[in-house]
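Colleague: kindly return the folded structure for what I paste below:
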Amino acid sequence: MTIIDTHAHLYDFPNADDVLRDSAAAGVSDVVALGVDLASSKKHIEIVEQLQNDSPPLVGGGRGMQVHLALGLHPGNIQTDHIDATFLFFLEELRRFNLRSSNIVAIGEAGLDFWYKWVRQDDAKKNEQRVVFQRHLDLAREFDLPIVVHCRGAWRESLGMIKAAHVKKAVFHWYSGPVDVLKDILDAGFLISGSLALEYSPEARQAVEYAQIDRILVETDTPVRGATPKDVWRSFKALCQIKGIDEDKALAVVNANARAFFNIEE
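Modeller: Okay, the predicted model is just below:
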């Protein structure tokens, strides 16, 4: 039995190889590593290149563990004087990814977060986030990639921007917003993900209780709360408990959801 961690930040680990080896031993077959700025995206590319050169692979036989990349500038990491350089790097990598072995599967982590103290009462900061999010959406549409959305305090606006940009696939990571917006997210054909917050957050638990299982991904948001990718099993077990569904059947569904969303081969 294997599982996919659909949202991790590996750049935070000085020993990413050890973390991945430990997670592979626990049955994690794939990890989607999301950048939050230029430096983290470059670090993830280094991790993937090292992993591809490992022999033998982290898990015995077959394809080995796979780390897949998403390129993004998190709304909490925006630095005005670095925006253009960051997106130039993203564009260069995306243009190259069909010319070399690459595991780029998505755009993100990107979105709107109006809950930050320095943003709440600052319209200029909100507008800057909107401009940056739009640039991510433009990349997702141009390269026909899904987008992984970080959103707090601007759920409906984020959904509106995604729909207006005609992006085909989006997942609202760690969704904890209103149910009425969640209904519209699901009606639009988009997904949500459940993290370790399913163990303790009423809002996160309510979201996965409402959503149908074929619209849910599981993740860790590693290293939040000390998690590593192997803790995706905890998110998964919490999901099954909340929905009252058989783990074997649910595992096949959430893995299929992840493979279809990120176009990950078995």
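
Colleague: show me what the longest helix belonging to the chain is in contact with.
Modeller: For the chain, the helix with the greatest residue count under DSSP state H is helix 123-142. When contacts are defined by Cβ atoms under 8 Å, 6 or more residues apart in numbering, helix 123-142 is touched by residues 71-73, 75, 78, 80, 83, 87, 90-91, 94, 106-108, 110-114, 116, 118-119, 145-147, 158, 161-162, 165-167. (Each C-beta comes from the backbone N, C-alpha and C, glycine too.)

Colleague: swap the cut-off to 7 Å and go again
Modeller: With Cβ atoms under 7 Å, 6 or more residues apart in numbering as the test, helix 123-142 has contacts from 72-73, 75, 78, 80, 83, 87, 90, 94, 107-108, 110-112, 114, 118-119, 146-147, 161-162, 165-167.

Colleague: what helix or strand does E93 sit in?
Modeller: Element membership of E93 [criterion: DSSP states H and E] is helix 83-96.

Colleague: who's in contact with the closest residue to A207 other than its chain neighbours?
Modeller: Nearest residue to A207, sequence neighbours excluded (Cβ to Cβ, 6 or more residues apart in numbering): Y175, at 4.6 Å. For Y175, the contact set (Cβ under 7 Å, 6+ apart) comprises L182, I192, A207.

Colleague: packing partners for whatever helix or strand the second one lives in?
Modeller: Same thing as I192. With the criterion set as DSSP H and E, the secondary-structure element containing I192 is strand 191-194. For strand 191-194, the helices and strands in contact under the criterion 3 or more Cβ pairs under 7 Å, 6 or more residues apart in numbering; DSSP states H and E are strand 170-172, helix 202-210, strand 216-218.

Colleague: so which of the ones you listed gets nearest A238?
Modeller: Proximity to A238 (Cβ to Cβ) singles out helix 202-210 among the helices and strands packed on strand 191-194, at 7.9 Å.

Colleague: from the contact counts, what lies against that closest one?
Modeller: Other helices and strands packing on helix 202-210, by 3+ Cβ pairs under 7 Å, 6+ apart, are helix 179-187, strand 191-194, helix 232-243.

Colleague: quick one: the strands in the stretch 1-150 of the chain?
Modeller: Taking DSSP state E, counting those that start in this stretch as the criterion, the stretch 1-150 of the chain contains strands spanning 3-8, 28-34, 66-71, 104-113, 147-152.

Colleague: low-confidence regions, this protein specifically.
Modeller: 54-63, 99-102 (pLDDT under 70).

Colleague: related to what we said a few turns ago, nearest to Q52, out of the strands of the stretch 1-150 of the chain?
Modeller: If we rank those by Cβ to Cβ, the stretch that ends up nearest is strand 66-71, at 9.0 Å.

Colleague: tell me which strands the closest one pairs with, and in which orientation.
Modeller: Its sheet considered, strand 66-71 pairs with strand 28-34 (parallel), strand 104-113 (parallel) by DSSP bridges.
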